[in-house]
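Student: Just the structure for this:
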Amino acid sequence: MCNVRTATDDGLQDDSQSLSMCCETSLLHSFNSGYDSKFCLMLYKCYITIKIGSIQIFPYTDDTCMTLSVASSLVENKKVDSKDLAKRYVDEYFSQPKRGYGNNVIGVFHALKETNFEDVFLPGKMQFGGSGSYGNGAAMRIAPVALFGHGKTDESLQRDIEECSRITHNHPNGYNGAILQCLAVKAALKSDSSKEFDPDNSPYCQSLKKIKEIYLQNQENISSEEIAEYLGNDVSAHKSVPTAIYSFLRGMKPLSDYECLNPFVRTLYFAISVGGDTDTIASMAGSIAGAYYGIDAIPAELQERCEFKNEVDNLAYKLYDASQESTS
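Tutor: Sure, this is the predicted structure:
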């Protein structure tokens, strides 16, 4: 069913968590790229088609492009290097512009290129009349930073997150959403999946209060539609990151409308069923689930349908090695 791992002193048993975390990013965006705001039945039919032997390869989207750029930069530089990140984002976009990038971030990429990366934070800062973007784009790509910095203090990790985020998302809601998501992935990396998860032991952010209210009151029957209304499901960070975290928690237990023994698949299903910005919400939820359960929790038939799978796997191993070097 899934690999149950035990946390060690540094929070990582082996590279299965790194592999799982990177694989799920590609998986969730590949699998979800055609399902924004569609019905759960469509997802179920798609999954059944895959299970019985469909050979379709699902292409990944902009979220995966930027996540892999973050991972590659960390492997190469052994630290968060904002100028290198900006160059990688821009190079990746101009080499593959039809991956679903939003118009606002495209504008940032053009400005970075035109100014020759003189100030990599200025184009992001100038968005939306100087207020910056509060979208979930920074949070969606932050998982590699959690793995690389799993041995750092939260304060040190926060500085890395902000430097990585503010290239495109300079509004406090934008980079604070990335901080919350990154700390959630870090907590999952350091948790023992053989023991019951207690969200009351997660003190990172006030945004978790609503999730705790639902989860600790055992409201398993609350619908995905109600979660969308209560926590949000749009492209803003503050209305998608909490939803992703809740989806991970919800996937730990059986779902009333979807019989499945695999908690990773349940996480995927519930995150998509919430609707809205499904590919990014499901990717963020999957990052946490992948860090928590390990690679064996992701069904092989799903992994095999991901574009660029072998390259993602290789990068995951390199990221794991780099994270070990950073803590040695």
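
Student: tell me which element the residue positioned nearest the centre of the chain is part of?
Tutor: The structure's the chain has its C-alpha centroid closest to M284; by C-alpha atoms, centre = their mean the separation is 2.9 Å. Following DSSP states H and E, one finds M284 within helix 278-293.

Student: ok, then the element right after that helix?
Tutor: helix 300-303.

Student: That following helix packs against which elements?
Tutor: With contacts defined as 3 or more C-beta pairs under 8 Å, 6 or more residues apart in numbering; DSSP states H and E, helix 300-303 has these neighbours: helix 16-32, helix 40-51. C-betas here are computed from N, CA, C, even on glycine.

Student: Worst mean pLDDT among these?
Tutor: The minimum mean pLDDT among the helices and strands packed on helix 300-303 belongs to helix 16-32 (a mean of 54).

Student: so how many other residues sit close to E114?
Tutor: Each residue near E114 was counted by other C-beta atoms under 10 Å, and the total is 10.

Student: Hmm, I typed the wrong one, I wanted K113.
Tutor: Around K113 there are 16 other residues, counting by other C-beta under 10 Å.

Student: And the one 10 residues further on, by the same measure?
Tutor: With neighbours defined by other C-beta under 10 Å, the count for P123 comes to 23.

Student: what's near enough to touch it?
Tutor: Applying C-beta atoms under 8 Å, 6 or more residues apart in numbering to P123 gives the contacts 107-108, 111-112, 115.

Student: can you rerun that using 6 Å?
Tutor: By C-beta atoms under 6 Å, 6 or more residues apart in numbering, P123 lies in contact with 108, 111-112.

Student: Relative to E76, which of those is nearest.
Tutor: Set against E76, the nearest of the contacts of P123 by C-beta to C-beta is L112 (18.6 Å).

Student: element containing that closest one, please.
Tutor: helix 103-114.

Student: what's the pLDDT at C182?
Tutor: Predicted confidence (pLDDT) at C182: the value is 93.

Student: Is Y292 in contact with A188, as I believe?
Tutor: Yes: taking C-beta atoms under 6 Å as the definition, Y292 is a contact partner of A188 at 4.0 Å.

Student: Pick out whichever of the two has more residues nearby.
Tutor: Y292 (30 against 26).

Student: Now do the more buried one against Q324, distance only.
Tutor: Separation of Y292 from Q324 (C-beta to C-beta, to the nearest Å): 19 Å.

Student: now swap in G275 and tell me
Tutor: 39 Å.

Student: just for the stretch 101-250 of the chain, where's the confidence low?
Tutor: For the stretch 101-250 of the chain, the stretches flagged by pLDDT under 70 are 197-208, 212, 215-219.

Student: Show me the helices in it, by range?
Tutor: With DSSP state H, counting those that start in this stretch, the ranges of helices along the stretch 101-250 of the chain come out as 103-114, 122-125, 127-130, 137-140, 143-148, 154-165, 172-189, 208-216, 224-231, 241-250.

Student: And those: which comes nearest T64?
Tutor: Short answer: helix 137-140, nearest of these by C-beta to C-beta, at 9.2 Å.

Student: Packing partners of that closest one?
Tutor: The contact analysis (3 or more C-beta pairs under 6 Å, 6 or more residues apart in numbering; DSSP states H and E) places helix 137-140 against helix 172-189, helix 278-293.

Student: could these go into JSON lines alongside distance to Q303?
Tutor: Below are the helices and strands packed on helix 137-140 laid out as JSON lines (distance: least, C-beta to C-beta, whole Å):
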{"stretch": "helix 172-189", "distance to Q303": "19"}
{"stretch": "helix 278-293", "distance to Q303": "11"}
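
Student: most tightly surrounded among those helices?
Tutor: With neighbours defined by mean count of other C-beta atoms under 10 Å, none of those is more surrounded on average than helix 278-293, at a mean of 31.

Student: pLDDT averaged over stretch 73-93 - what is it?
Tutor: Here the average pLDDT along stretch 73-93 is 97.

Student: need the contact list for Y175.
Tutor: So Y175 contacts 138, 162, 165-166, 169 (C-beta under 6 Å, 6+ apart).

Student: Neighbour count and distance to D313 added to those, as CSV?
Tutor: What follows is the contacts of Y175, written out as CSV (neighbours: other C-beta atoms under 10 Å; distance: C-beta to C-beta, whole Å):
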residue, neighbour count, distance to D313
A138, 31, 25
E162, 19, 29
S165, 30, 26
R166, 21, 30
H169, 30, 28
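
Student: From those, pick the one nearest N103.
Tutor: H169 (14.8 Å).

Student: Could you tell me the phi and psi values at that closest one?
Tutor: phi -130, psi 90 (degrees, to the nearest 10).

Student: The helix or strand hosting N314: which residues count as buried?
Tutor: For N314, the host element (DSSP H and E) is helix 309-327. For helix 309-327, the neighbour count (16 or more other C-beta atoms under 10 Å) marks 309, 312-313, 315-316, 318-320, 322-324, 326 as buried.

Student: Next up, the contacts around the closest residue to G177 other than its chain neighbours.
Tutor: Spatial nearest neighbour of G177, chain neighbours left out: A237 (2.5 Å); criterion: C-beta to C-beta, 6 or more residues apart in numbering. Neighbouring residues of A237 by C-beta under 6 Å, 6+ apart: 134, 136, 139, 173-174, 177.
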